[in-house]
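generate coordinates for the sequence data below:
(2 chains)
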Amino acid sequence: MMKQRLLIIGALILLLAIIGYMVVDLFFTGRDKRENLYDYRLSELRQTDSTPVAYREILHFTPGLSDLHGIAVDDSDRIYVTGSSSLEIYTPDGNLMLAFSLPDPAYCLTVAPGGDLLLGMEDHLEILSPEGELISRWKPEGEHVFLTSVVTNGKDIFIADAGEKNVSRYNWEGVLLNRIGDKDSLQGIPGWVIPSGYFDLGLGRDDELWVVNPGRHQLEAFRPDGSLISIWGESSMDVEGFCGCCNPTHFALLSDGSFVTGEKGIERVKIYRPSGEFNCLVAAPDQFDEGTRGLDLAVDSKDRILVLDPSRNQVRIFVYKDENDENR
Amino acid sequence: MEENSQGKRVDRRVFLHTGVQLAFVAGLGGLTVLVARRAGGEGYVWQLDPAKCTQCGRCATSCVKTPSAVKCVHVYAMCGYCDLCGGYFVPDTKILDTAAEHQLCPTKAIKRTFIEDPFFQYTIDEDLCIGCGKCVKGCHAFGNGSLQLQVRQNLCDNCNECAVARNCPSGAYTRVPADKPYLLNEPGTGNGPPQKTEV
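Below is the predicted model:
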């Protein structure tokens, strides 16, 4: 009799425990607090980065331009910014030195070793003197030319054309010398995948040409004759990789050969070692407005990283936090 | 005989004649307004402007139709045909395949087809699409914005007071002429620099 009573009490306790668990499970746990279950919150992706930010912003200034497109620095660390049909030149501290209007918007620019300015104006290239006088102007081959990057080693001019989906080497008179990076299975060249108007170039320490292959999330290095040197990069939403259709959108090189990369989608600026391993963050996603695109980059002689932020219409300058940095 | 306000006596015949005239004019006016309103209602339909849409997800739940008359539409001319498609894959996926757990779409309404290395085509199965806009948001953030939400006119009841428009937080819904019922972003209208690229 006693045993039966204990069994009933035990069963009742078990039943109450099960009911209690069901109530908690149904009404108090696992409920999505979002008003709409189909709401896809990208802001949560932007907050996933716990990677330490190794750089801090020391300065920003607002150019007198709208629709910022490109940034470059020269040997004296002067800062060149292009935007809506004009170009402005600033001191390293962000004080305006010179501004002149352009006939068309320049979507990319570089400063040649002698100081001449090379401007990619959508379908043609303009070469200006340091004072802004037109030296020459020529149009690369192709019907759908859209220039997104230009670099020079002083002898050759390399142009990335997102419209024609090619990278070309020209001389200063505009004569095509050779194409670079077109698909070649025998040489192991994968070929360009250019889903949108982001296609960036940079010159390495040995004057090798680095090119972003944005659709493959890779950076590829070539000799001027077009022979492949190396490839690195991986597709991933994680901080170590590149995500989306076309990342990195822009990059620049530090003096030690490391890469500074700018991305869209998950807006961030990162540093990769010369071997292609992820190193650190320069700026995390929460330091940019959501939806920011076109984070063009430049590096000056002191390895300060200059970020063009079209959303805030600013040039933002970042420096490495050293061990004595109180903000580290 | 009756007296008007000025004290003049009004003939009953004149009074009735005037009354019939006024009733006829009022009826004609009312009919004109009714016809005009009806004609206006049939000449315009509801549509959402992709440029204003924030992909909040309410199109899936607010529409009186089940599933919603709002569907994802693919503008192929804008698509990058990406392998790692932000509109197709969940954010943290490591394996780019068609496994259900890797897909962002809650109803698996997007079909991924290999074209050639490294290009993939994405097509929408509108029978499965519920118009939640998750793929649209992913594509807009990480890609070119080729996936866009639109009210499918063959499914829409064209309610006088559209429930989705009433609940839209960004005011993206508008009335458009029935002979031009779709509002799609075209290549080069995204947030990035102008693009001429078409795959």
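
residue A:24 in helix, strand or coil?
Residue A:24 falls in the helix class when you classify it by DSSP: H, G, I helix; E, B strand; the rest coil.

what's the neighbour count on it?
11 (other CB atoms under 10 Å in any protein chain shown). In this view, the C-beta of every residue, glycine as well, is placed from N, C-alpha and C.

where does the prediction get shaky in chain B?
B:1-9, B:33-42, B:188-199 (pLDDT under 70).

in it, what residue spans correspond to strands?
B:2-3, B:9-10, B:44-48, B:70-74, B:110-116, B:119-124, B:147-151, B:173-177 (DSSP state E).

nearest approach to chain A belongs to which of these?
Among the strands of chain B, strand B:119-124 comes nearest to chain A, with 7.7 Å by CB to the nearest CB.

adjacent strands (with direction) for the closest one?
Strand B:119-124 has the following strand partners under DSSP bridges: strand B:110-116 (antiparallel).

what sits against the residue nearest in space to the middle of chain B?
Nearest to the geometric centre of chain B sits residue B:47, at 2.6 Å (CA atoms, centre = their mean). Residue B:47 makes contacts with B:150-151, B:173-176, B:181-183, as judged by CB atoms under 8 Å, 6 or more residues apart in numbering or on different chains.

all helices of chain B, in order?
Listed in chain order, the helices of chain B (DSSP state H) span B:12-43, B:58-62, B:134-142, B:163-167.

I'd like to know which elements the last one is packed against.
The contact analysis (3 or more CB pairs under 8 Å, 6 or more residues apart in numbering or on different chains; DSSP states H and E) places helix B:163-167 against strand B:44-48, helix B:58-62.

TSV for the strands of chain B, including distance to residue A:200?
Output for the strands of chain B, formatted as TSV (distance: least, CB to CB, whole Å):
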stretch	distance to residue A:200
strand B:2-3	92
strand B:9-10	90
strand B:44-48	35
strand B:70-74	28
strand B:110-116	25
strand B:119-124	21
strand B:147-151	26
strand B:173-177	38
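
still on that earlier bit, ranking the helices and strands packed on helix B:163-167 by burial, who's on top?
helix B:58-62 (a mean of 24; mean count of other CB atoms under 10 Å in any protein chain shown).

give me the beta-bridge partners of the closest residue to the residue nearest to the centre of chain B other than its chain neighbours?
With CB to CB, 6 or more residues apart in numbering or on different chains as the criterion, residue B:47 has its nearest non-adjacent residue at 4.5 Å, and that residue is residue B:176. Beta-bridge pairing for residue B:176 (DSSP bridges): residue B:45.

hmm, residue B:176 is touching residue B:48, no?
No. In this structure residue B:176 lies outside contact range of residue B:48 using CB atoms under 8 Å: 9.7 Å.

what touches both of the two?
The contact lists of residue B:176 and residue B:48 share residue B:183, where a contact means CB under 8 Å, 6+ apart.

state the three-state secondary structure for the residue of the stretch 201-328 of chain A found nearest chain B.
Chain B sits closest to residue A:244 of the stretch 201-328 of chain A, with a gap of 3.3 Å, by CB to the nearest CB. Following three-state DSSP, we place residue A:244 in the coil state.
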